[in-house]
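Asker: the sequence and its predicted three-dimensional model are supplied below.
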Amino acid sequence: MSAATDNCVIRLDGLTKRFGPLTAVDGVSLDLQENEFFALLGPSGCGKTTLLRMAAGFEMPDEGRVLLDGNDITRLRPNRRPVNLMFQSYALFPHMSVRSNIAYGLEMDGVRGAELNTRVNEALETTQLGEFANRKPDQLSGGQKQRVALARALIKRPRVLLLDEPLGALDKKLRGRMQLELKRLQHEVGITFVVVTHDQEEALVMADRVALMHAGEIVQCGAPRDLYENPGSRFVADFIGVTNFFEGAITDGGLSVTGLGLLKGTVPGGASIGARASLAVRPERLSISVDQPTAAENRLQGRVVDVAYHGQDIGLHLRFDDGTTAMARISAAAEYAGALGVDSVVWCAWDADQSRILTA
């Protein structure tokens with residue numbers, strides 16, 4: 001599957017990689033733009049890290065090419081490519097200071113003297129590590145180590161920086177902060193970042209575009225909002241965020257669900273009446289009320305079977321008469337929120353344009 005864009009820096013052209021009988025990457029094509037933050041997202045084993053390693057030169061494709069600025073670099077060794085790969089482990093030298101760790105790559109390239117000092121100081125300033133320049137890695141926090149690894153990668157001024165699960169070793173709170181930090185750095189240095197992650201929230205927050213991978217293929221590629229609002233398949237809707245699914249048969253104007261009746265939504269072009277499909281609707285799109293709503297196009301009455309308090313919002317787990325379950329999210333500040341508990345009977349409602357009918 002191909003996803004082409006203008007102003008292409010690196011092109012992955014029909015890349016395939018097999019390990020014995022397993023096809024890890026299956027004919028993937030991607031065009032990555034100048035100065036964009038691109039995320040390869042997917043579950044473990046989907047092929048995203050293998051694809052990244054082929055772009056970096058650490059794996060040779062069985063088929064396909066890697067092009068940088070239009071030049072074929074498929075057979076170039078990693079150290080001959082203007083592409084840097086930052087590993088999840090950071091791979092810092094424990095006996096060296098922060099400054100020495102950052103300078104190491106340039107020193108190996110023969111850079112010395114004033115130019116070396118200037119570029120190291122610039123990298124320290126960009127990554128806000130100046131006050132830690134003389135510390136050793138074991139004197140740093142996880143976030144500081146990550147910034148050292150970033151500085152060491154960025155100082156060589158690569159055309160493309162590849163990051164393999166760069167935030168995987170950080171705790172949840174620090175991950176959130178470093179997501180914004182990575183985006184700031186990418187904007188400041190103005191180079192193409194390609195990050196591999198299995199964390200959909202991470203991809204949505206950081207990336208300009210996201211390619212979702214499954215079983216070695218790209219199943220959908222686009223802006224984060226596009227993947228969230230307009231998933232092209234049940235897999236995409238289920239992987240990106242939380243989604244409620246209703247199963248039924250396509251009918252004129254929506255989906256016929258046994259025990260619930262007609263749920264309205266836009267039927268995709270080419271879909272056959274009577275074909276099996278899923279109707280997807282996000283929890284935050286469901287409007288909850290005690291009294292029966294009159295305006296919404298879809299209205300279902302259900303019983304609360306569980307309540308999950310998340311601070312700013314509350315997750316209500318509902319069960320309908322036919323046994324189908326769904327989740328709704330309401331603001332914790334809603335005036336009726338405190339009155340809803342297990343066994344409360346409520347109505348949930350949503351309009352047809354909030355439904356996504358998926359045939360795949």
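Answerer: Noted; the coordinates are in hand.
Asker: in the host helix or strand of R303, what counts as buried?
Answerer: For R303, the host element (DSSP states H and E) is strand 298-309. Residues N298, R299, L300, G302, V304 are the ones in strand 298-309 that count as buried (16 or more other C-beta atoms under 10 Å). From N, CA and C alone the C-beta is placed, and that goes for glycine too.
Asker: with stretch 95-112 instead?
Answerer: Across stretch 95-112, burial judged by 16+ other C-beta under 10 Å covers S97, V98, R99, N101, I102, A103, G105, L106, V111.
Asker: run through who's touching that stretch.
Answerer: By C-beta atoms under 8 Å, 6 or more residues apart in numbering, the residues outside stretch 95-112 that reach it are 92-93, 116, 119-120, 123-124, 129, 132-137, 140, 148, 151-152, 155-156.
Asker: now do it, average pLDDT.
Answerer: Averaged over stretch 95-112, pLDDT sits at 89.
Asker: could you list the paired strands of the strand holding R303 along with their orientation?
Answerer: Using DSSP bridges, the strands paired with strand 298-309 are strand 313-320 (antiparallel), strand 345-350 (antiparallel).
Asker: surely L51 is in a helix?
Answerer: Yes - counting by DSSP: H, G, I helix; E, B strand; the rest coil, L51 is part of a helix.
Asker: that one touches T16, doesn't it?
Answerer: No - L51 lies out of contact with T16 (C-beta atoms under 8 Å); the separation is 10.3 Å.
Asker: now do the shared contacts for those two.
Answerer: V25, V28.
Asker: these two: which has the busier surroundings?
Answerer: A count of neighbours by other C-beta atoms under 10 Å puts L51 above the other of L51 and T16, at 28 against 16.
Asker: now do the spatially closest residue to the more buried one that is not a sequence neighbour against G47, distance only.
Answerer: In space, and not counting its chain neighbours, L51 is closest to V25: 5.2 Å by C-beta to C-beta, 6 or more residues apart in numbering. Relative to G47, V25 is positioned 4 Å away (C-beta to C-beta, to the nearest Å).
Asker: show me the shaky parts of the stretch 1-150 of the chain.
Answerer: 1-6, 88 (pLDDT under 70).
Asker: which stretches of it form helices?
Answerer: Under the criterion DSSP state H, counting those that start in this stretch, the stretch 1-150 of the chain contains helices at 48-56, 98-108, 113-126, 142-154.
Asker: tell me which of the ones you listed lies nearest to E201.
Answerer: E201 lies closest to helix 48-56 among the helices of the stretch 1-150 of the chain, at 16.2 Å (C-beta to C-beta).
Asker: reduced to three states, what does T266 come out as?
Answerer: The three-state assignment at T266 reads coil, by three-state DSSP.
Asker: ok, it touching S355?
Answerer: Yes - with contact defined as C-beta under 8 Å, T266 reaches S355; the gap is 7.2 Å.
Asker: of these two, who's got more company?
Answerer: S355 (22 against 12).
Asker: now do the contacts for the residue nearest to Q200 when sequence neighbours are not counted.
Answerer: Distances taken as C-beta to C-beta, 6+ apart place I240 nearest to Q200, at 5.2 Å, with adjacent residues excluded. Applying C-beta under 8 Å, 6+ apart to I240 gives the contacts Q200, L204, L212, L227, Y228, P231.
Asker: present those residues as CSV; the columns should include secondary structure, pLDDT and neighbour count.
Answerer: Shown next, in CSV, are the contacts of I240 (DSSP: H, G, I helix; E, B strand; the rest coil; pLDDT from 0 to 100; neighbours: other C-beta atoms under 10 Å):
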residue, secondary structure, pLDDT, neighbour count
Q200, helix, 91, 20
L204, helix, 93, 19
L212, strand, 97, 27
L227, helix, 96, 27
Y228, helix, 95, 18
P231, coil, 95, 23
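Asker: just the residues you listed now: which is nearest Y309?
Answerer: Q200 (22.7 Å).
Asker: check which helices and strands the longest helix seen in the chain sits against.
Answerer: Across the chain, the helix with the greatest residue count (assigned by DSSP state H) is helix 172-189. Counting contacts by 3 or more C-beta pairs under 8 Å, 6 or more residues apart in numbering; DSSP states H and E, helix 172-189 packs against strand 37-41, helix 113-126, helix 142-154, strand 192-197, helix 200-206.
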